[in-house]
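Chemist: sequence and computational prediction follow.
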Amino acid sequence: MKALAAGPAAGRLRWERWVAYSPVLLAVGILLPRLLSPQFGLFDDGYTISVVRQVGAGDLDMLWEPGAARSRPVYWLYHAVLYRLAGPNPFWFFVGNAVLFAATTAGLIYLVRSGGATPRRSFLTGLLFVLAGPVVESYLTLSKPEPLQLSLITGTLVLLLRPPRPRTRVLGIGVFLVAALLLLLADLTKETSLVIVPISAIWLGAAWAWRRFRRGPTDMNRPAALLLASALAGIAFFVLRNRFSTFGLPEDAYAGNYLLEGQRLLASAIRWTGWSLRDFGYLGPLILGGALFSRSRGAFLTNPGLLASAVWMGGWVAVYLPWVYTVEYYLLPFALGASVAAAYLADEILSRFPSPDGWRRMTAALCLGLAGLLLVLSVVNNVSSANQQIMVDEANAEALQLVSATLPASSELLVNLQFPGEYVEQIRLHLIHTYGRPDIRVDYVRMEELPGEVAGARPSYVLEAIVENQPLLTVRMGAVEPSVREWNRQLEGFLEESGVLVGRIERELQLYNVNFIRLLCPLMSARGFCEADEPLLDRRTFSYGWELYTVGRTASWE
């Protein structure tokens, strides 16, 4: 009889384990469209290929990005290994992203499962992470440090925060050293990983306060181990940075964009509020429902898991407030903490849902329903963003192929972005390293110098962007609609008189964006996510592409 009873119980446990880890399969599924349509992008990818080629040729100084005051050698080594194995083939780079995504998701689920989470809560944690908005740009594009950074940090958390197991002292020291090494690698992948030091310090302080004032059982060893490991990793990071890179944040370097200024902090806070509401708005109703439905209001507000998640999320937002840029994929580590908190809240509400108190049961149902609606709207927006990212990359790759196949030797390509932005530099690098056209001189359009440029001895071409109905809170693009519209207008007369259209690449996408956060715009000035006047339900057709013209004497030869 015991054997018969054990059989169904073991089968149920295996089923629960499969269900709990099923978001890992979803993570791989989310990357499938990208694997079926892999392209290098025009943000950083050309520079990445250039650097890893130099590293492969023996120039190890490039690992420390001379002149930028950055310290990311592990980030460059990771891409150098991929390039060594696959060459300039974006498919295998995206396979790397898929592996990192699946590993991080599995590590997160294991972490909460080992901490005593129910299978349902573990499943919800993984599901909410893989559906998070920052996932789109982090994993569906290349050259982002966050996927590798977060996988290394997750590995550290798994090693140090899981419940202690009987082991020898030597094995315990070995596990600690491996965890510290993973954190050092994370620091050397992206410097923001140093925020683990203050986060773990606050966790340790909270654990001490919990033991001191609540007199509850609290394990202080795990947060203490994390603090010690992160501090040792941080010290090693600064020693290596001082040895191989620029110490400090010089104003003339890229890292000098990190400034503690009141006006910048305020502007960043407004922008981060927009991203947080768009991607994690469902947290609000869950917090309200958890507070109303908890047996003890005080216990809910001081729950260690929720407090730890709040500290984690706050730390990752705070570290980016002084930074000059505000982009969604920076919130990938934030998404990990948000998924843990939201899954806990949802599971707590569901576990106490059969309450005899009618109004509390109705309130909880309303909170769960609103949270579910906001989550669905966020996923709809994420799908639209993913489609937009793939479409933009396809159009960019097709335009570069057109340029490479069309322009004769020693031509000049002027990109009508009218400032030396990233797209201009990345087009030049891709033509050199991906398409084997180092003979093409790439520059941006200067209206006052244009007649002289096209009158030179080189065959001259102009590449002009097409951007219509571009949404605001979505994946980054180096060609922004208001600027492109104005620059194209300035160039229109010149192209009508002196240009001949060679080719046109244009893609269209039906948007399905629900801009529910615009409901808050009447309460604030036209800043951050309220800068552009977009419809609440954005069903416009987004158009993106490029037009290639011959100009000057080249056009007359045509």
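Modeler: In hand now; what should we look at?
Chemist: and stretch 419-436, average pLDDT?
Modeler: Averaging pLDDT along stretch 419-436 gives 91.
Chemist: hang on, I meant stretch 86-104
Modeler: 96.
Chemist: next: stretch 306-316.
Modeler: 93.
Chemist: also stretch 365-382?
Modeler: 93.
Chemist: now find how far off-centre it is within its chain.
Modeler: Centre-to-centre, stretch 365-382 and its host chain are 21 Å apart (CA atoms, centre = their mean, to the nearest Å).
Chemist: which parts of that stretch are buried?
Modeler: Residues Cys367, Leu368, Leu370, Ala371, Leu374, Leu375, Leu377, Ser378, Asn381, Asn382 are the ones in stretch 365-382 that count as buried (16 or more other CB atoms under 10 Å). Where you see a C-beta, it was placed from the backbone N, CA and C, and this is true even at glycine.
Chemist: give me the element the fourth one is part of.
Modeler: Assigned by DSSP states H and E, Ala371 belongs to helix 358-406.
Chemist: may I ask you to confirm that Leu26 is in contact with Leu127?
Modeler: Yes: look at Leu26 against Leu127 with CB atoms under 8 Å: they come within range, at 7.1 Å.
Chemist: can you count the residues close to Glu394?
Modeler: Glu394 has 16 neighbouring residues, counting by other CB atoms under 10 Å.
Chemist: now do the contacts for it.
Modeler: Counting by CB atoms under 8 Å, 6 or more residues apart in numbering, Glu394 makes contact with Ser37, Gln39, Arg507.
Chemist: skipping adjacent residues, who's closest to the first one in space?
Modeler: Spatial nearest neighbour of Ser37, chain neighbours left out: Ile390 (5.4 Å); criterion: CB to CB, 6 or more residues apart in numbering.
Chemist: Arg485 belongs to a strand?
Modeler: No: assigned with DSSP: H, G, I helix; E, B strand; the rest coil, Arg485 falls outside any strand and is helix.
Chemist: from Phe43, how far out is it?
Modeler: Between Arg485 and Phe43 the computed distance is 21 Å (CB to CB, to the nearest Å).
Chemist: quick one: which of the two has more around it?
Modeler: Using other CB under 10 Å as the criterion, Arg485 and Phe43 rank with Phe43 on top: 23 against 13.
Chemist: can you tell me how far the more buried one is from Tyr329?
Modeler: From Phe43 across to Tyr329, the span is 10 Å (CB to CB).
Chemist: which neighbours do the two share?
Modeler: Both Phe43 and Tyr329 are contacted by Thr141, under the criterion CB under 8 Å, 6+ apart.
Chemist: at which residues are the helices of the stretch 251-400 of the chain located?
Modeler: Ranges of helices in the stretch 251-400 of the chain, per DSSP state H, counting those that start in this stretch, are 262-280, 283-293, 297-301, 304-318, 332-351, 358-406.
Chemist: so what pLDDT did the residue nearest to Thr48 when sequence neighbours are not counted get?
Modeler: Of all residues not flanking Thr48 in the chain, Ser143 sits nearest, at 4.7 Å (CB to CB, 6+ apart). Ser143 carries a pLDDT value of 90.
Chemist: got phi/psi on Ser143?
Modeler: Torsion angles at Ser143 (phi, psi; degrees, to the nearest 10) stand at phi 70, psi 20.
Chemist: neighbours around it, how many?
Modeler: Using other CB under 10 Å, Ser143 has 18 other residues around it.
Chemist: how far away is it from Val28?
Modeler: From Ser143 to Val28 the distance is 21 Å (CB to CB).
Chemist: and Leu400, by the same measure?
Modeler: In this view, Leu400 and Val28 are 29 Å apart by CB to CB.
Chemist: what of Thr104?
Modeler: Separation of Thr104 from Val28 (CB to CB): 12 Å.
Chemist: quick one: which of these two has more around it?
Modeler: Neighbours were counted for Thr104 and for Val28 using other CB under 10 Å; Thr104 has more, 28 against 16.
Chemist: run the chain-centre distance for the strand or helix carrying that one.
Modeler: Per DSSP H and E, Thr104 falls inside helix 90-114. From the chain centre to the centre of helix 90-114 is a distance of 14 Å (CA atoms, centre = their mean).
Chemist: and that helix, what does it pack onto?
Modeler: helix 2-21, helix 23-36, helix 73-86, helix 119-130, helix 134-139, helix 146-161, helix 332-351 (3 or more CB pairs under 8 Å, 6 or more residues apart in numbering; DSSP states H and E).
Chemist: so which of these is nearest Asp219?
Modeler: helix 146-161 (9.5 Å; CB to CB).
Chemist: show the average pLDDT along the helix or strand following that closest one.
Modeler: Sequence-wise, the next helix or strand downstream of helix 146-161 (DSSP H and E) is helix 169-187. Helix 169-187 carries an average pLDDT of 93.
Chemist: buried residues, helix 169-187. List them.
Modeler: Neighbour-count burial for helix 169-187 flags Phe176, Ala179, Ala180, Leu181, Leu182, Leu183, Leu184, Leu185, Ala186, Asp187 (criterion: 16+ other CB under 10 Å).
Chemist: stretch 408-420 too?
Modeler: By 16+ other CB under 10 Å, the buried positions in stretch 408-420 come out as Ser411, Glu412, Leu413, Leu414, Val415, Asn416, Leu417, Gln418.
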